[in-house]
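> sequence-free structure coming up:
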């Protein structure tokens with residue numbers, strides 16, 4: 001016999017939906033190149049996240065696909081954390097500080113279908129042109145006015161893609177053991193190794209990070225993840241802060 005109390009799945013989607021209902025006005029502040037003092041609320045963030053989910057569908061991404069990110073800590077990367085994983089895809093955060101041959105290996109080993117990238121990292125992929133056979137497109141995390149020149153094919157502007165989409169999206173019901181995030185080690189012995197997180201692990205880590213003897217994340221605090229979001233999910237702060245309703249400050253390029 002199994003219990004019936006609290007039998008809902010532990011998914012990142014549940015964190016997002018809880019935050020929208022309970023802490024809609026919690027603020028996210030970001031430093032970005034194209035908008036040095038960007039501010040919006042959880043409500044604004046998850047509205048754009050639904051637009052992003054529609055973008056992923058329009059691009060042809062499917063559940064189970066790996067979607068790469070080469071990005072700093074900011075609000076657009078935050079949107080990818082939720083839009084990708086809650087769509088049933090895998091958010092693959094790539095460390096831009098690795099050697100180019102390691103980045104090439106990671107992208108190809110993960111079989112990334114699309115890569116979302118900050119403007120400053122675009123030269124990394126320019127140097128890997130024609131060496132990423134699974135990648136179907138590159139989405140630059142900026143607006144049209146700040147789109148950089150590139151030699152890459154199938155390059156899109158993030159803000160233009162979002163502007164074309166509705167903010168209505170029906171999130172799929174996911175098993176809590178569904179893969180959500182993929183991070184690779186630095187490869188100190190041989191090639192980097194992929195570490196695959198589940199929705200369940202992200203939610204449990206968010207709860208643990210809220211404990212007073214851990215990080216003590218709470219709605220009374222403003223939290224600033226200095227650890228890069230491409231490194232161990234910035235210790236889970238993008239999930240824990242949403243669970244707790246904390247104000248989030250993303251410092252951008254660090």
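Nice, I can see it. This structure is a prediction, so every number in the text was calculated from the model and none was measured.
> contacts and neighbour counts: CA atoms only from here.
Will do.
> show me the shaky parts of the stretch 51-200 of the chain.
The model of the stretch 51-200 of the chain has pLDDT under 70 over residues 187.
> mind listing the strands for it?
With DSSP state E, counting those that start in this stretch as the criterion, the stretch 51-200 of the chain has strands at 66-70, 90-93, 112-117, 137-140, 155-157, 179-184, 194-198.
> mean neighbour count for these - can I get that in JSON lines?
As requested, the strands of the stretch 51-200 of the chain are arranged in JSON lines below (neighbours: other CA atoms under 10 Å):
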{"stretch": "strand 66-70", "mean neighbour count": "27"}
{"stretch": "strand 90-93", "mean neighbour count": "28"}
{"stretch": "strand 112-117", "mean neighbour count": "24"}
{"stretch": "strand 137-140", "mean neighbour count": "21"}
{"stretch": "strand 155-157", "mean neighbour count": "17"}
{"stretch": "strand 179-184", "mean neighbour count": "23"}
{"stretch": "strand 194-198", "mean neighbour count": "17"}
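> turn those into CSV, including distance to residue 241.
Converted to CSV, these look like this (distance: least, CA to CA, whole Å):
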stretch, distance to residue 241
strand 66-70, 21
strand 90-93, 18
strand 112-117, 23
strand 137-140, 26
strand 155-157, 28
strand 179-184, 17
strand 194-198, 18
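> residue 165: which of these is closest?
Residue 165 lies closest to strand 155-157 among the strands of the stretch 51-200 of the chain, at 13.3 Å (CA to CA).
> and the closest one, what does it pack against?
When contacts are defined as 3 or more CA pairs under 8 Å, 6 or more residues apart in numbering; DSSP states H and E, strand 155-157 packs onto strand 137-140.
> who are the packing partners of the strand it packs on?
The helices and strands touching strand 137-140, judged by 3+ CA pairs under 8 Å, 6+ apart, are strand 112-117, strand 155-157.
> direction included, what does the shortest one pair up with?
Pairing partners of strand 155-157, with direction, according to DSSP bridges: strand 137-140 (parallel).
> how far off centre is the partner strand?
Its chain's average C-alpha position is 14 Å from that of strand 137-140, according to CA atoms, centre = their mean, to the nearest Å.
> can you check stretch 17-29 too?
17 Å.
> got a list of what residue 136 touches?
Residue 136 is in contact with 113-114, 154, counting by CA atoms under 8 Å, 6 or more residues apart in numbering.
> correction: the previous question concerned residue 242.
Counted by CA under 8 Å, 6+ apart, residue 242 has contacts 15-16, 19.
> wait, residue 178 sits on residue 198?
Yes. At 5.4 Å, residue 178 counts as touching residue 198 under the criterion of CA atoms under 8 Å.
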